[in-house]
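[1] sequence first, then the predicted structure, then my questions.
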Amino acid sequence: MVSSSADSEARSYRNASPGLAFFLTATLSLVLMFVDHRGDYLGQIRTWLSAAIYPLQVAINSPAAGLHWMQDNLALRSTLIDDNAALRKQALIQAAQLQRMAALQAENQRFRALLDSRSRIPDRMTVAEILAVDMDPLRHRIVLNKGSPQGTYAGQVLLDATGVVGQIMRDQIYTSEAILITDPDHAIPVEVVRNGMRTIAVGTGALDQLSLPFLTRNADVKAGDLLVTSGLGGRFPAGYPVGTITAVDGSEGDAFLEVTAKPAANLDRLHEVLLVFSPEAEAQTQAEAEAGSDTESESGARPAAEATQ
């Protein structure tokens, strides 16, 4: 009996202890809050407790803070990669546009130079584009996009913005074939501006060199002399720049000098040329064509007359 009553009292105490503990805790908290509010007696204790709990707070918050840091850095890295790719693409597009603008600017400068040279030349002329270039290194021939309907003719002079380029060999309906002054089969009458001496400039097969093979040892020429067309023969009008003498050599006992010149025209960078319509050259070409047709007709008529006899 005594044992059972003791057990019941213990159970009653355990059942009542949570309520009692809560009551005591609440009462103590209220008393502490009142005392702290009236005299701030617990400030130092709060400071010590905060300092003691801070490492625990840091440890608890560290995983979340680390996760946020990683997320922010990954997002920033992804943004930087995207921005870098976009900037590279934009830079590539702008570089391509600048290249195109540079090409357009160079083309504009070429046309300006052609138009400027056209205003300085009294003869009638037109601009022709180069369609093809002979790939043979020793045959300096080009094909132009102008033909006989545009008035081209064999022997017509070609110029660029700086000097004589060559002349048309054959004119067709839609195109014309021209020979450059540096072709080994081409020769042009020239005159030294400094003293008026006349000679012949012959192509060497190199785009940057002409030869003057008919100058004797006592010829008054020197490096730097400017050569222009002399007008002899009536093919090339007088006064157009042909080139500049670059070297004058000659050994003892040689009858002729070895004289080379650099063409005035930019033959290695041709895109367009000027076709010069010279009345004198056109008249000479027409006369030569008529003379050739008359010779052919006479040669054809002679065998016929002999056959009738």
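    Looks like it arrived, so ask away.
[2] phi and psi next, for residue 243.
    Per-residue torsions, residue 243: phi 180, psi -170 (degrees, to the nearest 10).
[3] tell me the contacts of residue 212?
    190, 199-202, 221, 245, 257, 259-261 (Cβ atoms under 8 Å, 6 or more residues apart in numbering). The way it works is simple: take the backbone N, C-alpha and C, and place the C-beta from them, glycine included.
[4] can you give me the helices in the stretch 201-309 of the chain?
    279-308 (DSSP state H, counting those that start in this stretch).
[5] contact partners for residue 201?
    Contacts for residue 201 were tallied using Cβ under 8 Å, 6+ apart; they are 181, 187-190, 210-212, 227, 242-243, 261.
[6] surely residue 160 touches residue 273?
    Yes - using Cβ atoms under 8 Å, residue 160 makes contact with residue 273 at a distance of 5.8 Å.
[7] rewinding a little: what is the nearest of the contacts of residue 201 to residue 166?
    residue 181 (5.2 Å; Cβ to Cβ).
[8] picking that back up, now the contacts of residue 201 in CSV, with distance to residue 151 and pLDDT?
    Conversion of these to CSV gives the following (distance: Cβ to Cβ, whole Å; pLDDT from 0 to 100):
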residue, distance to residue 151, pLDDT
181, 22, 96
187, 25, 95
188, 22, 95
189, 24, 95
190, 27, 95
210, 29, 97
211, 33, 96
212, 33, 96
227, 28, 93
242, 24, 94
243, 28, 94
261, 31, 97
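[9] distance to residue 153 added to those, as CSV?
    As requested, the contacts of residue 201 are exported to CSV (distance: Cβ to Cβ, whole Å):
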residue, distance to residue 153
181, 18
187, 19
188, 17
189, 19
190, 22
210, 25
211, 28
212, 28
227, 25
242, 21
243, 25
261, 28
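[10] out of the residues you listed, which sit inside strands?
    Those of the contacts of residue 201 mapping onto strands are 187-190, 210-211, 227, 242-243, 261, per DSSP state E.
[11] what's the closest of the residues you listed to residue 140?
    Among these, and counting by Cβ to Cβ, the member closest to residue 140 is residue 210, at 11.5 Å.
[12] burial measure for the closest one, as a count.
    Residue 210 has 28 neighbouring residues, counting by other Cβ atoms under 10 Å.
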